[in-house]
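Peer 1: here is my input, please return the structure:
(one chain, ligands or ions: 1)
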Amino acid sequence: MDIGHSDGQLGFVCCKYAQEPLILAVNYPALGEDLVDDGYQDVVNIDISSVLIETMQAKYSHKSVLKYIKMDVRDMSPFESGSFDAVIDKGTLDTFMCGEDDITHATQLLKEVERVLKDKGAYILITFDSPNNRLDLLRSVELWNIKLHLLERAAKSSRRKRWELSAPRPLDRDGSWATEALGSHLDVFYTYVCIKDESLSANQATDSEIPSSQNDP
Ligand SMILES: C[S@@+](CC[C@H](N)C(=O)[O-])C[C@H]1O[C@@H](n2cnc3c(N)ncnc32)[C@H](O)[C@@H]1O
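Peer 2: Have a look, this model is predicted:
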């Protein structure tokens, strides 16, 4: 993965936001290993499965910058608020959306992601699910600035790099226009880059305070 070029690589997106990314759940292919190979100094991976974590710890015992920690993504309390400048999620939110109490668990995950992110940090969500299924959830939980990129599921040409991303696609409120704009690009992962912006919640708080103060006698 080449993070040195501004040509739409996932690595470039990570590079733009992250020095010490947090990766939710163990990934195949090993995204964390790719990032370390690209020069990242600290890449933290968490997963709820102790078998997976122990396997990865043994596999990468020679790479101390690649850390594997057993943790539930819905409760990342061992991490302080504002610890990471990027959180990468490939398919973990999707796991919750396939199970019982899907919205409850997905909401817990998103709230924890928002908490551990620094201001202007990025939640990079790589998912099968199209904007009309994901945007409402993302927007209902947090105030993000959201960009949508496409990531080919399989590199069809050897000249294509594994994590190659499109330029951002236009998004509207419900994602329907974006879905039309995708056209025949169906063999893709949708990659949402959600930027935490604390000024958005500050503005919202200010807006909600105005009417009540105007109503004061
Ligand atoms: C479908 S896989 C996600 C896809 C994987 N990231 C990939 O790219 O291949 C689901 C992963 O999420 C982990 N997982 C499920 N629930 C979790 C939770 N509450 N906290 C942390 N990891 C969890 C599972 O152990 C499993 O490794």
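Peer 1: check contacts around the closest residue in space to T95 that isn't next to it in sequence.
Peer 2: Closest residue to T95 apart from its sequence neighbours, by C-beta to C-beta, 6 or more residues apart in numbering: A25 at 7.5 Å. C-betas here are computed from N, CA, C, even on glycine. With contact set as C-beta atoms under 8 Å, 6 or more residues apart in numbering, A25 has these partners: 45-48, 73, 89-92, 95.
Peer 1: can I have the buried ones of these as a ChimeraX selection?
Peer 2: In ChimeraX, a selection of the buried entries from the contacts of A25 looks like this (16 or more other C-beta atoms under 10 Å):
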select :45,46,47,73,89,90,92,95
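Peer 1: need the mean per-residue confidence for the helix or strand containing L93.
Peer 2: For L93, the element it lies in under DSSP states H and E is helix 92-97. The predicted model assigns helix 92-97 a mean pLDDT of 92.
Peer 1: can you check stretch 27-35 too?
Peer 2: If you average the pLDDT over stretch 27-35, you get 77.
Peer 1: what's the end-to-end length of it?
Peer 2: End-to-end distance for stretch 27-35: 12 Å, by C-alpha to C-alpha, to the nearest Å.
Peer 1: now stretch 75-83
Peer 2: Terminal-residue distance, stretch 75-83 (C-alpha to C-alpha): 14 Å.
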